[in-house]
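>>> This is a predicted model, with the sequence first.
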Amino acid sequence: MTAAENVCYTLINVTNDSEPPSEVSLKADLEKGEIKAKTEALKKVIIMILNGEKLPGLLMTIIRFVLPLQDHTIKKLLLVFWEIVPKTTPDGKLLQEMILVCDAYRKDLQHPNEFIRGSTLRFLCKLKESELLEPLMPAIRACLEHRHSYVRRNAVLAIYTIYRNFEHLIPDAPELIHDFLVNEKDASCKRNAFMMLIHADQDRALDYLSTCIDQVHTFGDILQLVIVELIYKVCHANPSERARFIRCIYNLLQSSSPAVKYEAAGTLVTLSSAPTAIKAAAQCYIDLIIKESDNNVKLIVLDRLIELKEHPTHERVLQDLVMDILRVLTTPDLEVRKKTLQLALDLVSSRNVEELVIVLKKEVIKTNNVTEHEDTDKYRQLLVRTLHSCSVRFPDMAANVIPVLMEFLSDTNEAAAADVLEFVREAIQRFDNLRPLIIEKMLEVFHAIKTVKIYRGALWILGEYCSTKEDIQSVMTEVRRSMGEIPIVENELKKEAGEVKPEEEMTATPAPKLVTEMGTYVTQSALSTSRPSKKEEDRPPLRGFLMDGDFYVAASLATTLTKVALRYVALAEDKKRQNSFVAEAMLFMATVLHLGKSSLPKKPITDDDVDRISLCLKVLSECSPLMNDIFNKECRRSLSHMLAVRLEEEKLSQKKESEKRNVTVQADDPISFMQLTAKNEMASKEDQFQLSLLAAMGNTQRKEAADPLASKLNKVTQLTGFSDPVYAEAYVHVNQYDIVLDVLVVNQTSDTLQNCTLELATLGDLKLVEKPSPLTLAPHDFANIKANVKVASTENGIIFGNIVYDVSGAASDRNCVVLSDIHIDIMDYIQPASCTDAEFRQMWAEFEWENKVTVNTNITDLNEYLLHILRSTNMKCLTPEKALSGICGFMAANLYARSIFGEDALANVSIEKPIHMGPDAPVSGHIRIRAKSQGMALSLGDKINLSQKKSLS
C-alpha cells in the first residue's frame, strides 16, 4: 500500500543518499548510546519500518532502553514509532510487549508537563486497538479537568475518536462532553466539544445551542463556524427547523470573522429564498470582497455572487445592489474588475442604468493619464466595452457616454481607442439624432489621433456621415491640416536641402537631386543619414504616416475624399465651387501617388493602394450616378447589415442564457407538498459541506457520459503482455493539475515475488511526485499500486517504466518487465473558450509556433468535418453559424481554446469539397494551428491527425 492509499497523519522527509544501517548497529545505539545517538537511531528505525522492513528484534530493546527516557524529542519520536509499528501477531492477537507500552502511556497521561499529556492524547486518536485503549480510559477522562486548555481540547478529541470507533469503551461520552461544554470557558475546547456533539449526538448539540443562541455573536470564530455547519446540516435534513435558527444565521452575518460571514451568507441562501435574506447575504458578500485584501478570496466570493444571479428570483434583488457591487472596482486587480463589470452589466436595468453609467464615466476619466499600473490600459478597454454594451441596450444613455469616450480616440493605447471607434461607428449608424454631436466631437479630436489604425477609422466615419456643407468643409480643412503643405515631394525636398547642418555636410557627401525617367525625384548620398527627429515631430499626422510608408491610410483618405466630394457636388449649386472642391480632392490624391512613387517614404506604395487611389480619381473625374450610389449608399448598407446580424447573434445568445436559467415547469409535473415529502426526498439536494470536503480531497464525482465508451474502462491502458510473469494495467485518472495512475499488478507465476517495485519515468512537462513502495506478491496474488504525476503545461506527456522484482529463494539477479508507454491525452486540459475577432487576429500575429495539418479524412460533408474536429479537439468555433450555413464548395472557420494553465490555442480550418471528383469525394484542405508554446501546437496537431478519420462503426 502506498502513502496515497492510507490515511496520512504525519509527513516524514526521507534522505535518499543514506545507506540503510544494520539491525545490530541500531540495537547497539539504542542500548548504550547517548541521547543524541538514540534519537538518530530511532529516526532510522522509523524510516526503515516505513519502507517495509520488519524489525521485530528491536521492539523489546526500544521498550527497555528508550521508552523510560524523559527527553521530549525521544517521546515525540516514540509516538510516531508506536503509530507505525505492527502491534499484532500474524493471527491478529495483540503482542504481549504492548502491555508494557500501555502502562508507559498511562504514566504519560498523568505527567505534570501539559505538552506530553496533550501529545499522548493526540496519539491515542490514531490507535485502532481497543485492548490498548481500555486501561487508559480513567486517565483520559481525568484529563478533561486539567488546568491547561491544550490538554483539555486534545482529551475531547481522544474521547470523540474512541467513542466513534469503540463506543463500548465510553458509552456516556455525549453526556460527559455536554456537561464539559456547559462549564468550559476556552474557545478551542468548546469548539472541539461542540464538534463532537454534532457528529455523536446532534440533539444534545441543538439543546446546548438553544440555551445560548442569543450569545452566539460573542463566541470565538472557530466555534461560530461549527455552529453554522450544525445549523446547515439540521435544516438540510429537517427543513421545518429553519424558522428556529434563521435569526442566529442573520446575527452571524455581522461577525468580525470573514470566514464566519462567508459561511453564514452561503448557509442563509440555502435556507431561505426570501428577498430580505438574499439581499443580506449579497450585501455580506460585497462587504467581504471590498474588505479582503487577497485577490483569490475576492474572486471566490465574486463567483458566489454570480451563482446567486443565475437564479431568476434572486436577480431582481441583486439589481438593487448594482451600485454596491461597483464599489469593488476600487480593487486594482484586472481579473476582479473584469468579473465585477460583467456582473454589473448582467444586472443592469432601466432603473439603475443611469447611475451605472455615471460611475463608469468617472472610472474612465480616472484612468486618463494614469500609467502607474500596468493593467490601466486593459481596464480602460474593459470600461469602454461595458459602456458600449450599456449604450446599445439603453440608447438613451449614448448621448451621455459618447463625449467622454471620444476623448480617448487620441489615446496612445490603440486597443482602447479601437474599442471607442467601434462603439462610435455603431452609435452613429443606429442613433440618427446623435450624428451631429458625434461629427462635432470627431472633428475636435481628429488632429490629435496618434495611431494610424484609428486615423483610418475616423476618416471613414467622417467621410460616410458628414452630410451638410459645413461639415464637409470642416473635414476638408482637417485633411489640409493633417496633410501639410502640398505638393508633398517638393516640400520635403526643400526641407531636406534647406536644413542640412554643417556637421552633417562634413560626414556625408552632398545629396544631388536627380530626376528619373518617370519624372520622380530621388536623392543619392555616400552615407544614408537619419533625418532629424525634430523634423519628424513637426510633421502633421497624416504626412507622418505617409512618410513612414503606410499608404493604406492614403487609400482610405481617397475613399473619404471621393465620398465627401460627390456629396458636396450634390449639395452645392455653384458650379465653380463644385469644381474647386473636386479639384482639391484630386490634387490630394495625386500628390499622395507622387509621394508613393518617389523614394522619400520608408516603404514604397503598394499596387493595391495605387489602384484604389486611381479608381477614386477616375470616379471624381467622371461623377457617374452609379458610382455615386455605390460610394454613398452601398457602404452604409453593408455596415447596417453587419450590425443587424451582430445584434441578432447577441439576442440569440442572451435568449439561450435566459432559457438555461429559467426553471421550466410542465403542466403535468407533480406538485410537491412539504408535509407529504419523504425524508430521503427532502434531502435530495447535495450537502454543500460534504461537497466542499470532497472537492478539497480531490474526490469530486464527475458525471460520466452516456456513451459507454466514455466509461472508466476506456481509460485503462495495458502495460504488459498476458504471457509476462507479471501482468500490469493502469487506470489513468486525470485531476486538474495532476494525474493518478492506479496500476493493477498480477503475479502470474507460482513463486513469491519480493520487493516488487514499479519504477516510472516521465517525458515532457510531467513530474513524478512520489516513488511507489515495494510490494511482496504471493503466488497468483495481485495488488494495486498508486502513483501521482504532476502536470505543468499542456503538452503530450509520456510515462514509461518497468517492474522489477526478486524471486523468493532464487539466487539470480533482479528480474525486470518493461512496461508499455502511457500517453497522456491533452484533451483533458483543453477547454473551449471565446475571444473577439480583434483579439484572435492579434494572437494570430503574435504566436510564433505554427503547425500546418493536411486534411486526410473519409468525411464527405464540410459541416460534418468541422463538427468532428470541434468534438475531437474541445475547441470552440468563433465563426458565426450564419457565415457557415448554406451549401458551398469551400469553408473557412476560426477555432479557439484555452488550457487550464492559461495557454491559448488558435486554429484556422480552410477546407473545400473537390466537386470534380464527384459527390462522394472526401473533404480536402488544411488546418493551421498557432500557439505560444511549441508543445501546445504539436500536441494539438497530433490530436487532429489521430482523430481526422471518422470511425465507420
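Perfect, thanks for sending it.

>>> ok, the closest residue to Tyr552 other than its chain neighbours - contacts?
The spatial neighbour of Tyr552 that comes closest, neighbours along the chain excluded (CB to CB, 6 or more residues apart in numbering), is Asp609 at 6.3 Å. Where C-beta positions appear, they are placed from N, C-alpha and C, glycine not excepted. Applying CB atoms under 8 Å, 6 or more residues apart in numbering, we find Asp609 in contact with Phe551, Tyr552, Ala554, Ala555, Gly596.

>>> What's the local residue count around the last one?
The local packing of Gly596 (other CB atoms under 10 Å) involves 23 other residues.

>>> Okay, and it sits in which element?
helix 575-597 (DSSP states H and E).

>>> sec struct for Lys650, please.
Just to correct that, residue 650 is Glu rather than Lys. What DSSP: H, G, I helix; E, B strand; the rest coil gives for Glu650 is helix.

>>> for it, what are its contacts?
Glu650 neighbours (CB under 8 Å, 6+ apart): none.

>>> Now Pro774, what are its backbone angles?
phi -70, psi 150 (degrees, to the nearest 10).

>>> is it true that it touches Cys756?
Yes: with contact defined as CB atoms under 8 Å, Pro774 counts as touching Cys756 (6.3 Å).

>>> what residues does stretch 256-275 touch?
221, 224-225, 228-229, 231-232, 235-236, 242, 245-246, 249-250, 252-255, 277-278, 280-282, 284-285, 287-288, 291-292, 297, 301, 304, 308, 311, 313-314, 316-317, 685, 688.

>>> And those, which of them are buried?
221, 224-225, 228-229, 231-232, 235-236, 242, 245-246, 249-250, 252-253, 255, 277-278, 280-282, 284-285, 287-288, 292, 297, 301, 304, 308, 314, 317, 688 (16 or more other CB atoms under 10 Å).

>>> Give me the neighbour count for Gly764.
Gly764 has 18 nearby residues by other CB under 10 Å.

>>> Pull up the gap between the nearest residue to Pro487 once chain neighbours are set aside and Gly925, please.
Using CB to CB, 6+ apart and skipping residues adjacent in sequence, the residue nearest Pro487 is Thr591, 4.6 Å away. Counting by CB to CB, to the nearest Å, the separation of Thr591 from Gly925 is 45 Å.

>>> Can you pick out the ones from the contacts of Asp609 that are in strands?
Using DSSP state E to define strands, no part of those is located there.

>>> how about a markdown table for these, with distance to Arg393 and pLDDT added?
Shown next, in a markdown table, are the contacts of Asp609 (distance: CB to CB, whole Å; pLDDT from 0 to 100):
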| residue | distance to Arg393 | pLDDT |
| --- | --- | --- |
| Phe551 | 39 | 83 |
| Tyr552 | 34 | 85 |
| Ala554 | 38 | 84 |
| Ala555 | 35 | 85 |
| Gly596 | 44 | 81 |
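
>>> Greatest separation within the residues you listed: which pair is it?
Using CB to CB, those reach their maximum pairwise distance at Tyr552 and Gly596, which is 11.2 Å.

>>> So which bits of stretch 445-464 are buried?
When neighbours are counted by 16+ other CB under 10 Å, the buried residues of stretch 445-464 are found to be 445-446, 449, 451-452, 454-464.

>>> Pick out the most distant pair among the residues you listed.
Farthest-apart pair in the buried residues of stretch 445-464 is Thr451 and Glu464; separation 19.9 Å (CB to CB).

>>> Now do the strands in the stretch 751-900 of the chain.
Under the criterion DSSP state E, counting those that start in this stretch, the stretch 751-900 of the chain carries strands at the ranges 753-763, 766-768, 775-777, 782-791, 798-807, 815-818, 822-823, 830-832, 849-854, 876-877, 890-899.

>>> Return the member of the buried residues of stretch 445-464 nearest to Pro395.
Using CB to CB, those come closest to Pro395 at Ile461, 18.5 Å.

>>> Would you confirm that that closest one contacts Glu426?
No: under the criterion of CB under 8 Å, Ile461 makes no contact with Glu426, lying 10.7 Å away.

>>> shouldn't Ile278 be in contact with Gln319?
No: with contacts counted by CB under 8 Å, Ile278 stays clear of Gln319, the gap being 11.4 Å.

>>> Look up how far Cys125 lies from Ile803.
According to CB to CB, Ile803 and Cys125 sit 37 Å apart.

>>> of those two, who's got more company?
When Ile803 is set against Cys125 and neighbours are counted by other CB under 10 Å, the residue ahead is Ile803, at 26 against 16.

>>> Who is the more buried one paired with across the strands?
Leu758, Val817 (DSSP bridges).

>>> surely it meets Leu753?
No: at 9.2 Å, Ile803 does not count as touching Leu753 under the criterion of CB under 8 Å.

>>> Give me the common contacts of the two.
Counting by CB under 8 Å, 6+ apart, the contacts common to Ile803 and Leu753 are Val726.

>>> still on that earlier bit, what score does the residue nearest to Tyr552 have for pLDDT?
Note for Asp609: predicted pLDDT of 84.

>>> Which positions within the helix or strand where it lies qualify as buried?
Element membership of Asp609 [criterion: DSSP H and E] is helix 607-622. By 16+ other CB under 10 Å, the buried positions in helix 607-622 come out as Asp609, Val610, Arg612, Ile613, Cys616, Leu617, Val619, Leu620.

>>> Same question for stretch 345-353.
Neighbour-count burial for stretch 345-353 [16+ other CB under 10 Å]: Leu345, Asp346, Leu347, Val348, Asn352, Val353.

>>> Contact partners for the residue lying closest to Pro540 once chain neighbours are set aside?
Spatially, and ignoring its direct neighbours in sequence, Pro540 is nearest to Gly484 (4.4 Å; CB to CB, 6+ apart). The contact partners of Gly484, by CB under 8 Å, 6+ apart, come to Asn491, Arg539, Pro540, Leu542, Arg543.

>>> Let's see that with 7 Å instead.
Arg539, Pro540, Arg543 (CB atoms under 7 Å, 6 or more residues apart in numbering).

>>> Can you convert the residues you listed into CSV and add a column each for neighbour count and secondary structure?
Formatted as CSV, those follow (neighbours: other CB atoms under 10 Å; DSSP: H, G, I helix; E, B strand; the rest coil):
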residue, neighbour count, secondary structure
Arg539, 17, coil
Pro540, 16, coil
Arg543, 21, helix
